[in-house]
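Asks: Output the structure for:
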Amino acid sequence: MRWCVCVCVLSVLPWLLSSAFLSDQVYVDIKGLGACFRRFNATHQIGCASPSGGSVGLLFYLNSTERWAALEQERGPLIVLLEHSLFTKEALQQLEASHKVNGLLVAHRPSSPLPGNFSFSPDQQCPNEHVSNYPAPCHPFNSAGNGLLFRDMPFPIFTLTDEQEIQRIVNCTPGLMGRCALLVKAEMYGAVSSEVCLRRSELSQNSLTPATFCDPLQGQNVWATMQNLSQSVNRSQNSVVLLLSRTDAASLFEGLALGAEVAVSPMITLLAAAEAIGKMKSVVTQSKKDVMFAFVQGEAFDAIGSSRMAWDMARNKFSSGDNNVAKVTFESLDMALAVDMVGADDRLWLHGNNLSILHQVTMAANLLNVSSNQSDLTLPLPPSPVLQFLRQWPSGLASLPAVVLADYDSHYVTKFATSRHDLAAQLGSNQTIAKRLWQAASVVATTTLQRVSGNSSLKLVECFMVNPNCTLLRFLLNKGEGELSTEPFDLYVGVRQEPGKTVAELIRRLLAVYLGQSSEATSEPACNKTGPPFVDVRVNTSTCFSALVATAVVQSPAFEGDVGDEDWNKYSTWTESVWDASGLQVQLFLQAYQELDAAVFAAGTSLFFLSGILVCLLERRTRMLFPAEL
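Replies: Numbering: from 1, shown residues only. Sure, this is the predicted structure:
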């Protein structure tokens, strides 16, 4: 008898094991996802999240405006697959108002043309208004802005970046047993606001199961100076020309903050200017004025990088790390020139607060035959890193002369600021973009040195906007550092800065190449021989560059004190929710028709009662059916 039981168990065991993978037979995992996720500031939460376990709904493909009528006829809940050109603020509001939608998938097709009048910028019309200098009402430089990036979404939203996965969903057709349905999961640990979330994380550390619910956004600033001044030297007043660029962008979706116009165009321009100025180091080293190149990160979220740099300077804390170079203070700044978006138009616009400096930049542009115009002085300076220096500028000092170079006057030229559509293809050919950026870089360098030489902007455009795995950036890598991606950099600031092949690290190495002195170095110890104040940067394994460059991981000054103190009203308080990798998921499956569900339920219920009646009848007639003599 025991032998028979063992045989039965062993025969059923493979079926029991295979049933553990039943979900793999029912659900199809969709790959190539970009998730909309939660962020917080001092008072609000923005972004997307799903209930625990995810949201489920029938698939509805919305690929044209004519399909809106069909959506009204559908019974919810629905998961809508929306074509990229239909994803607008108005469409999102209409889906929310229907009260039928549990989730949204947006098809991301960067190679597909967009309608000529299409615009999509999820940023505010007045970017970084919370930390600007100007009284209300603000000037809407970003007239295409719809503010979706800073809205608390009513349901989880994903973008699909893999065309095969998009087609898998589109081609899913109803069968005899049911309709196509989707499960979307975007489970976030954080909620409410940065203050609440950080307090919960702090209290949790004292429990048996400590947990972190959100992390402050933080970036990595990179800067370099040219004059060899030790830390014991106090820089004289008005002795540093500060050149600024941002290095970050943002997007509604994870991994798609590409920022070709918003971030990459000013970054390339300042790098090209650094190369040109670096070829004439003697002009700067023999001058009474030093040049400082500063690349700041976190500008998309209330200017984290520039506000921290200005905050440190105001408190005499800003220095170049461990290389003992002379500190830069507010008193030592002579002027600030910030490069903003310059890739969308041939004409340069000069925004400034000082007529003398504006005239100097205009003269440089005229000397180079670069088309330029001065913006109306009644306009405020546009959103740029220089604003945080003006905002924190001491009242006892003469005002800081500031200029912002841009390709727009009173409104952005680009219609895709801070969106996944901010791609190099929207700006023109690589050669056209390179020409525009080199013109801007020439103006920057000429304003600083009165003349320039050389042109590397095309290489920088190809490397930072199109394919990072290019010859120039590969030259910067050392043995064992692997390969660079062939896709454009994701410029989202993030919460942790990993060492290695980040944009900030590549900028640091480029500045060392452009501004430093080269030597042969076959090993790391052989490279670290110059000593302070210089930093030795090894590239291409065997080449060493000694330069006055530095980096620092920076957080908003708001996080320097206690949670909720007075600085929370002055600086960026953005945090990002923590989530588990398994908490971001989209699965496709078949959901039975309601009529079929009802029929199965009715049949099962009938069978249950029929079986019960049959058992009762058999029990009553047991003696007749099974006589005792048997």
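Asks: alpha carbons only for contacts and neighbour counts from here, please
Replies: Fine.
Asks: can you tell me the helix or strand for residue 188?
Replies: For residue 188, there is no host helix or strand (DSSP states H and E).
Asks: That one: how many residues sit nearby?
Replies: 23 (other Cα atoms under 10 Å).
Asks: and the nearest residue to it once chain neighbours are set aside, how far is that from residue 585?
Replies: Nearest residue to residue 188, sequence neighbours excluded (Cα to Cα, 6 or more residues apart in numbering): residue 579, at 5.1 Å. Using Cα to Cα, to the nearest Å, we find residue 579 at a distance of 12 Å from residue 585.
Asks: try residue 127
Replies: 31 Å.
Asks: higher neighbour count, these two?
Replies: Between residue 127 and residue 585, residue 127 has the larger neighbour count (other Cα under 10 Å), namely 25 against 18.
Asks: for the nearest residue to the more buried one once chain neighbours are set aside, helix, strand, or coil?
Replies: In space, and not counting its chain neighbours, residue 127 is closest to residue 383: 6.4 Å by Cα to Cα, 6+ apart. The three-state label given to residue 383 by DSSP: H, G, I helix; E, B strand; the rest coil is coil.
Asks: quick one, what contacts residue 383?
Replies: 126, 127, 128, 132 (Cα atoms under 8 Å, 6 or more residues apart in numbering).
Asks: ok, the last one - contacts?
Replies: Same thing as residue 132. Residue 132 neighbours (Cα under 8 Å, 6+ apart): 383, 387, 388, 391.
Asks: Go through the residues you listed and flag which are in helices.
Replies: Filtering these for membership in helices, criterion DSSP state H, returns 387, 388, 391.
Asks: Give me the number of neighbouring residues for the second one.
Replies: Burial of residue 388, expressed as a neighbour count using other Cα under 10 Å, amounts to 24.
Asks: cool, residue 160 as well?
Replies: Other residues close to residue 160 by other Cα under 10 Å number 23.
Asks: and it, what is it in contact with?
Replies: 31, 32, 33, 34, 105, 106, 107, 108, 166.
Asks: Quick check on these: which are buried?
Replies: Among the contacts of residue 160, those buried by neighbour count (16 or more other Cα atoms under 10 Å) are 33, 34, 105, 106, 107, 108, 166.
Asks: thinking again about what came up before, just put the ones in helices among the contacts of residue 132 in a markdown table and tack on distance to residue 336 and pLDDT.
Replies: Below are these laid out as a markdown table (distance: Cα to Cα, whole Å; pLDDT from 0 to 100):
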| residue | distance to residue 336 | pLDDT |
| --- | --- | --- |
| 387 | 10 | 95 |
| 388 | 11 | 95 |
| 391 | 13 | 93 |
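Asks: could you dump the contacts of residue 160 to a markdown table with secondary structure?
Replies: Shown next, in a markdown table, are these (three-state DSSP):
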| residue | secondary structure |
| --- | --- |
| 31 | coil |
| 32 | coil |
| 33 | strand |
| 34 | strand |
| 105 | strand |
| 106 | strand |
| 107 | strand |
| 108 | coil |
| 166 | helix |
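Asks: before we move on, back to that, look up how far residue 135 lies from the residue nearest to residue 127.
Replies: Residue 383 sits 14 Å away from residue 135, going by Cα to Cα.
Asks: same thing with residue 604?
Replies: 69 Å.
Asks: before we move on, what about residue 209?
Replies: Following Cα to Cα, the distance that separates residue 209 from residue 135 is 46 Å.
Asks: next one: residue 358
Replies: From residue 358 over to residue 135 (counting by Cα to Cα), the distance is 24 Å.
Asks: Assess the claim that residue 120 and residue 148 are in contact.
Replies: No - between residue 120 and residue 148 there is no contact under Cα atoms under 8 Å: 9.7 Å.
Asks: For the stretch 1-150 of the chain, just list every one of the helices.
Replies: 2-19, 22-26, 68-73, 89-98 (DSSP state H, counting those that start in this stretch).
Asks: Confidence-wise, which of the ones you listed is weakest overall?
Replies: Note on the helices of the stretch 1-150 of the chain: helix 2-19 shows the lowest mean pLDDT, a mean of 51.
Asks: Need the single longest strand in the chain, by residues.
Replies: In the chain, assigned by DSSP state E, the strand with the most residues is strand 543-555.
Asks: next SSE after that strand?
Replies: Heading C-terminal from strand 543-555 (DSSP H and E), you reach strand 575-577.
Asks: Please work out the average pLDDT along the helix or strand following that following strand.
Replies: Heading C-terminal from strand 575-577, the first helix or strand you meet, by DSSP H and E, is strand 584-592. For strand 584-592, mean pLDDT rounds to 88.
Asks: chain center to strand 584-592: distance?
Replies: Distance of strand 584-592 from its chain centroid, counting by Cα atoms, centre = their mean, to the nearest Å, is 28 Å.
Asks: Please name every helix or strand in contact with that strand.
Replies: Packed against strand 584-592 by the contact rule (3 or more Cα pairs under 8 Å, 6 or more residues apart in numbering; DSSP states H and E) you find strand 28-29, strand 178-186.
Asks: what's the angle between the longest one and strand 584-592?
Replies: Meaning strand 178-186. 160 degrees (axes from the mean of the first three to the mean of the last three Cα atoms, to 10 degrees).
Asks: Just checking: what are the partner strands of strand 178-186?
Replies: strand 55-62 (antiparallel), strand 584-592 (antiparallel) (DSSP bridges).
Asks: Most tightly packed of those strands?
Replies: strand 55-62 (a mean of 22; mean count of other Cα atoms under 10 Å).
Asks: hang on, the earlier thing: may I see the buried residues of the longest strand of the chain?
Replies: Neighbour count says strand 543-555 has 543, 544, 545, 546, 547, 548, 549, 550, 551, 552, 554, 555 buried, by 16+ other Cα under 10 Å.
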